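[1] below: sequence and its predicted model.
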Amino acid sequence: MIKKFIAIIPSRYGSSRFPGKPLADIAGKPMIQRVYEQVIQAVDDVWVATDDERIATTVRSFGGNVVMTSADHRSGTDRCAEAVRNVSRDTGISFEVVINVQGDEPFIEPQQIALLQKPFVMDPKTEIATLIQPIHQTEVLFNIAEAKVVLDIHGNAMFFSRLPIPMNFRCEQSDWIHMFSYFAHVGIYAYRTDILEKLNNLPEGMLEKAESLEQLRWLENGYKIKTVETNYATVGIDTPEDLKKIVEEGFEKFYPKR
């Protein structure tokens, strides 16, 4: 049997900044369950990929699908590649497109995942797709924690950087935001399964080492990344302080009314 889409949520226990993050409580549910429940609204086949039995047990406890993977992966993309191979082997189902959703995005909108599927439905030549978001604030533009992306005329990513790209040579930095349409990268990917296998075998590139952005490895090797614009703000959780702030503000405010 062949299906169009599978969503993989890579999840590991040993985060350096937030150990045990997937199991952190958000209003009575572990974070990984919050992510899963958002994704399952947009994709029928959702699997958590982990190397940790504590996470696997938690996922099974709320009725989710879990696939065990190696502890030696360099990135979530590599974990996704092994996960889809294992799921296909165990279920007998092949998938055309793999959607990679980060396990620390409990407020991801199902509409965002639906948007990410469109390029693969509309164009069978699409290799990789990702989401981008307009930047309207100077603080975001110059925040090196926010990856920026510049596009070609077809909506494909030309380059990603932690610095603002392009620079506006003829005006002050405070005016840049008004002189050009800047975009931030939203770190959710989808890949054709055969392309994902090829990405999994690529060595780390010089651009990736310089910017610490994995997607530059793919561009450096000639792969096309189609971008899709979203207006939903994403709220990732990197540290215990991020989670504390969300709990204090009331987690319900981060789920838009439907």
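    That came through fine. Residues are numbered from 1 along each chain as shown.

[2] what residue is smack in the middle of this protein?
    Central residue of the chain (C-alpha atoms, centre = their mean): residue 188, 2.3 Å from the mean position.

[3] for this structure, which residues score under the pLDDT cut-off?
    Along the chain, segments meeting pLDDT under 70 span 250-258.

[4] please enumerate the strands of it.
    Taking DSSP state E, the strands of the chain run over residues 2-11, 25-26, 29-30, 46-50, 65-68, 94-100, 128-134, 148-151, 157-161, 183-192, 225-229.

[5] including distance to residue 84, could those strands go into JSON lines?
    Every C-beta, even on glycine, is put in place using the N, C-alpha and C of the backbone. Output for the strands of the chain, formatted as JSON lines (distance: least, C-beta to C-beta, whole Å):
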{"stretch": "strand 2-11", "distance to residue 84": "6"}
{"stretch": "strand 25-26", "distance to residue 84": "27"}
{"stretch": "strand 29-30", "distance to residue 84": "23"}
{"stretch": "strand 46-50", "distance to residue 84": "8"}
{"stretch": "strand 65-68", "distance to residue 84": "9"}
{"stretch": "strand 94-100", "distance to residue 84": "5"}
{"stretch": "strand 128-134", "distance to residue 84": "15"}
{"stretch": "strand 148-151", "distance to residue 84": "25"}
{"stretch": "strand 157-161", "distance to residue 84": "23"}
{"stretch": "strand 183-192", "distance to residue 84": "9"}
{"stretch": "strand 225-229", "distance to residue 84": "19"}
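
[6] closest one to residue 216 among the ones you listed?
    strand 157-161 (5.9 Å; C-beta to C-beta).

[7] packing partners for the closest one?
    Here strand 157-161 touches strand 148-151, helix 215-220, strand 225-229, going by 3 or more C-beta pairs under 8 Å, 6 or more residues apart in numbering; DSSP states H and E.

[8] how far off strand 2-11 does the lengthiest helix in the chain point, in degrees?
    When the chain is parsed with DSSP state H, its longest helix is helix 76-91. Inter-element angle recorded for helix 76-91 and strand 2-11: 130 degrees (by axes from the mean of the first three to the mean of the last three C-alpha atoms, to 10 degrees).

[9] re earlier: which one of the strands of the chain is the most hemmed in?
    Highest mean neighbour count of the strands of the chain: strand 46-50, a mean of 26 (counted as mean count of other C-beta atoms under 10 Å).

[10] tell me the strands beside it, with direction?
    strand 2-11 (parallel), strand 65-68 (parallel) (DSSP bridges).

[11] right, so of the ones you listed, which gets closest to residue 173?
    strand 2-11 (36.2 Å).

[12] the closest one versus strand 94-100: what angle between them?
    If you take the same axes, to 10 degrees, strand 2-11 sits at 30 degrees to strand 94-100.

[13] how about residue 35, what does it touch?
    9, 101, 102, 103, 104, 105, 106, 108 (C-beta atoms under 8 Å, 6 or more residues apart in numbering).

[14] one step back: out of the strands paired with strand 46-50, which is closest to residue 118?
    Of all the strands paired with strand 46-50, strand 2-11 sits nearest to residue 118, with 11.3 Å by C-beta to C-beta.

[15] tilt between that closest one and strand 183-192?
    Going by the same axes, to 10 degrees, strand 2-11 makes 130 degrees with strand 183-192.

[16] just the C-alphas of strand 2-11, formatted as PDB.
    Provided in PDB are the C-alpha atoms of strand 2-11 (Å, rounded to 0.1, in the frame of the first residue of the first chain):
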ATOM      1  CA  ILE A   2       1.200   3.500  -0.800                       C
ATOM      2  CA  LYS A   3       0.100   6.600   1.100                       C
ATOM      3  CA  LYS A   4       0.800  10.200   0.300                       C
ATOM      4  CA  PHE A   5       1.900  11.700   3.700                       C
ATOM      5  CA  ILE A   6       3.400  10.600   7.000                       C
ATOM      6  CA  ALA A   7       4.300  13.000   9.800                       C
ATOM      7  CA  ILE A   8       7.300  12.100  12.000                       C
ATOM      8  CA  ILE A   9       7.900  13.900  15.300                       C
ATOM      9  CA  PRO A  10      11.600  13.400  16.300                       C
ATOM     10  CA  SER A  11      11.800  13.400  20.100                       C
END
